[in-house]
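Asker: Got a sequence here, can you model it:
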Amino acid sequence: MTVSWGREGLPHPTPPSGYQPPPRPPTPQGTSGLAIASLICSLVGLPFCGVPAILGIIFGAVALSNINANPRPGRGLAIAGIIVGVVAVVLWILLWILAVRFGESCISIGSTGC
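Answerer: Take a look at the predicted model:
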């Protein structure tokens with residue numbers, strides 16, 4: 001065994017040749033950022049005409065694909081983001097259809113007849 005000198009001026013033993021350090025435990029992976037973004041965009045899409053909800057659906061699909069390839073937390077958030085996003089888009093489409101369909105009768109009758 002040889003001795004090397006460290007920064008502190010104290011000797012540090014050099015490990016013998018062929019020495020393998022013990023394996024490190026895997027670092028815990030955090031929740032998928034795309035899954036979080038999916039749910040947030042979908043929720044924001046409810047009051048903002050469903051436009052951010054479209055991004056939420058896309059982010060959720062990409063997050064699910066990444067989570068299936070490399071398992072990590074966030075699968076439920078991605079699925080919730082997709083579901084909330086689809087609901088937001090469908091509700092806004094129905095609202096626009098109703099506004100176009102019944103909007104003229106409200107204008108001709110006035111604001112009290114709707």
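
Asker: Could you pull out the strands in this structure for me?
Answerer: 3-5, 11-13 (DSSP state E).

Asker: Can you flag the weakest of the ones you listed by average pLDDT?
Answerer: If you rank the strands of the chain by mean pLDDT, strand 3-5 sits at the bottom with a mean of 56.

Asker: can you pull the pLDDT of the closest residue to residue 57 other than its chain neighbours?
Answerer: Spatially, and ignoring its direct neighbours in sequence, residue 57 is nearest to residue 85 (4.0 Å; Cβ to Cβ, 6 or more residues apart in numbering). In short, each C-beta sits where N, CA and C put it, glycine included. Note for residue 85: predicted pLDDT of 96.

Asker: Enumerate every residue touching residue 85.
Answerer: By Cβ atoms under 8 Å, 6 or more residues apart in numbering, residue 85 lies in contact with 38, 41, 42, 45, 53, 54, 56, 57, 60.

Asker: Quick one: residues contacting the fifth one.
Answerer: Contacts were defined as Cβ under 8 Å, 6+ apart; by that measure residue 53 touches 41, 42, 44, 45, 46, 84, 85, 86, 88, 89, 92.

Asker: Among those, list the two that are farthest apart in space.
Answerer: 44 and 86 (14.7 Å; Cβ to Cβ).

Asker: what residue is smack in the middle of the chain?
Answerer: For the chain, residue 35 is the residue whose C-alpha lies nearest the centre (Cα atoms, centre = their mean; 2.0 Å).

Asker: Okay, that one and residue 52: tell me how far apart.
Answerer: Residue 35 sits 15 Å away from residue 52, taking Cβ to Cβ, to the nearest Å as the criterion.

Asker: cool, and residue 97?
Answerer: For residue 97, the distance to residue 52 - Cβ to Cβ - is 20 Å.

Asker: Then residue 63?
Answerer: 16 Å.

Asker: now stretch 89-106: mean pLDDT?
Answerer: 85.
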